[in-house]
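Undergrad: Return a 3D structure for these sequence lines:
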Amino acid sequence: MPSFRMGMSPAMSLPPSSPSVVAPSPPSSIDLPVRPVPGSYGWPLLGPFSDRLDYFWFQKPEAFFRKRIEKYKSTVFRTNVPPSFPFFTNVNPSVVALLDCKSFAHLFDVDLIDKKNVLIGDFMPSVAFTGNMRVGVYQDTSEPQHPKVKKFIMDVLKRSSGIWATELASNLDVMWDDIESTVSKSSSAGYIFPLQRCLFAFLCKVLAGADASCDPDIAKSGHAMLDRWLALQILPTVPIGVLQPLEEIFLHSFAYPFFLVSGDYNKLYQFIKKEGKEVITRGETEFGLSQDEVIHNLLFVLGFNAFGGFSVFLPGLIDTIASDETGLEEKLRTEAREKGGPTLSLDSVKEMHLIQSVVYETLRLNPPVPLQYGRARKDFRLCSHDSAFEIKKGELLCGYQKLVMRDPVVFDDPESFRPDRFTGGGVQLLDYLYWSNGPQSGSPSESNKQCAGKDVVTLTASFIVAHMFRRYDSIKGNATSITAVQKAK
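TA: Just a heads-up that it's a prediction; the model follows:
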């Protein structure tokens, strides 16, 4: 799923012990041997189709990239990535893969990289999904509307900082009451839909100032509407894990039309238009956006970036904690209660360095957006740890973050989950935590494409963990279900 692109207030910054570093400049090629980019795209039609089958079916994404690193003895190489449906669209799946921290960092240099229409590669869903306009996330920094939209979204979060913690806590209480009630009646409780209802109500309020309870249909089904809207946009690019070859034939062979979810999207549009009037007016009067631009960008940030990203990331975080048998739960519980103060807040969460490190480590191993793309703005020389490569203007670059952030040159024991990795001196590794389309130590602005809400996202996830351990002494479960909870004494 694409990275969260939201704003933040100064009050939502990292703790003082964390480094304050801007995104690193692409490394110098001095003293590195220059070599051609290895790999090939294969025969027309056959090459992309073969790589697609490997990616989705025979190897799966992580093995797909690992095997090619071994084959070419390089973390930079040419390959094809999905989608590739040559009989239906003009999508070109050919990329230069960047699979180490040093080469991947080039994607953040706006002088080298053009981000126009490459959110999920060369494939872009129909603009009908976003009101027949290209919302900010598809715009390059050089486009005149990009800074307007980015500054507007950052302002939205800055203004919402006062209600962020209280709204989140109240919606989490509703969610846990629901889950707790179900667990008491059966052996387990699925929490994905309760979590999504919680996220939807919370995000509507803090981002758009819209109270979902004002519309019974939206309150009941708004999260499901977003699920359907999201799914149709990204299905051609993601592995689902259903029975093959049915997945290839029916899910990955064509782009999906907007009319299948037009009713859902129009209901969400009208809901934001009616209930989010204050935010809409501010977008129009203070940032020079039209009403349509405000609403469609709000819906994208709310639905695609925030709701979609959290829906992917949080189950993995909960699974990591609820299935742990190493004593991590006790340490998290102690920190949440000793440093949380009488009322949990974002400020108190900043002092919970172990909880934040667990969030960072989960993002490192399983970022919600596995792939990042960018197109070369001009010819330039790209560097990996051991080689330099000539990149030509117009070439599409692709980084698979699950491997980038397991770079053994940067991270000790990179395949292992180490909950305290980012504590103490480990905060320097935030320079290489890239889940947000830039380093966690970077500074989002209207002139770059880094997730403007990278800090509020990690603080929100940390808040959810802290809230959980202030409510419960113990919690057990996995990525989809809670099997047992023990209320705090």
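Undergrad: those strands in the chain, which residues are they?
TA: 76-80, 94-98, 113-114, 189-190, 371-376, 380-383, 388-391, 396-400, 472-477, 481-487 (DSSP state E).
Undergrad: export those strands to JSON lines and tack on mean pLDDT?
TA: Putting the strands of the chain into JSON lines (pLDDT from 0 to 100) gives the following:
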{"stretch": "strand 76-80", "mean pLDDT": "98"}
{"stretch": "strand 94-98", "mean pLDDT": "97"}
{"stretch": "strand 113-114", "mean pLDDT": "98"}
{"stretch": "strand 189-190", "mean pLDDT": "94"}
{"stretch": "strand 371-376", "mean pLDDT": "97"}
{"stretch": "strand 380-383", "mean pLDDT": "97"}
{"stretch": "strand 388-391", "mean pLDDT": "98"}
{"stretch": "strand 396-400", "mean pLDDT": "98"}
{"stretch": "strand 472-477", "mean pLDDT": "95"}
{"stretch": "strand 481-487", "mean pLDDT": "93"}
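Undergrad: For those strands, give me a markdown table that also has mean neighbour count and distance to Val279.
TA: C-beta here means a position set from N, CA and C on the backbone, and glycine is covered the same way. A markdown table is the format used below for these (neighbours: other C-beta atoms under 10 Å; distance: least, C-beta to C-beta, whole Å):
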| stretch | mean neighbour count | distance to Val279 |
| --- | --- | --- |
| strand 76-80 | 23 | 42 |
| strand 94-98 | 23 | 37 |
| strand 113-114 | 20 | 30 |
| strand 189-190 | 17 | 33 |
| strand 371-376 | 22 | 29 |
| strand 380-383 | 20 | 40 |
| strand 388-391 | 19 | 41 |
| strand 396-400 | 23 | 34 |
| strand 472-477 | 18 | 35 |
| strand 481-487 | 16 | 34 |
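Undergrad: will you turn the ones you listed into a markdown table that also has distance to Gly131?
TA: Formatted as a markdown table, these follow (distance: least, C-beta to C-beta, whole Å):
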| stretch | distance to Gly131 |
| --- | --- |
| strand 76-80 | 32 |
| strand 94-98 | 29 |
| strand 113-114 | 24 |
| strand 189-190 | 33 |
| strand 371-376 | 23 |
| strand 380-383 | 35 |
| strand 388-391 | 35 |
| strand 396-400 | 26 |
| strand 472-477 | 39 |
| strand 481-487 | 37 |
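Undergrad: Which one of these lies nearest to Glu446?
TA: Nearest to Glu446 among the strands of the chain is strand 113-114 (16.5 Å), distances taken as C-beta to C-beta.
Undergrad: now what about stretch 461-477, what contacts it?
TA: 165, 168-169, 172, 176, 188, 191, 310, 313-314, 317-319, 321-323, 329, 332-333, 335-337, 340, 344, 346, 348-349, 352, 355-356, 358-359, 482-489 (C-beta atoms under 8 Å, 6 or more residues apart in numbering).
Undergrad: next one: it to chain centre, how far?
TA: 22 Å (C-alpha atoms, centre = their mean, to the nearest Å).
Undergrad: Stretch 171-186 now?
TA: For stretch 171-186, the distance to the chain centre is 27 Å (C-alpha atoms, centre = their mean).
Undergrad: do the same with stretch 469-485
TA: For stretch 469-485, the distance to the chain centre is 24 Å (C-alpha atoms, centre = their mean).
Undergrad: Same check on stretch 276-295?
TA: Remark: stretch 276-295 is offset 25 Å from the chain centroid, using C-alpha atoms, centre = their mean.
Undergrad: contacting residues around that stretch?
TA: Contacts of stretch 276-295 (C-beta under 8 Å, 6+ apart): 131, 133, 145, 148-149, 151-152, 155-156, 207-210, 269, 272-273, 297-298.
Undergrad: No more questions from me, cheers.
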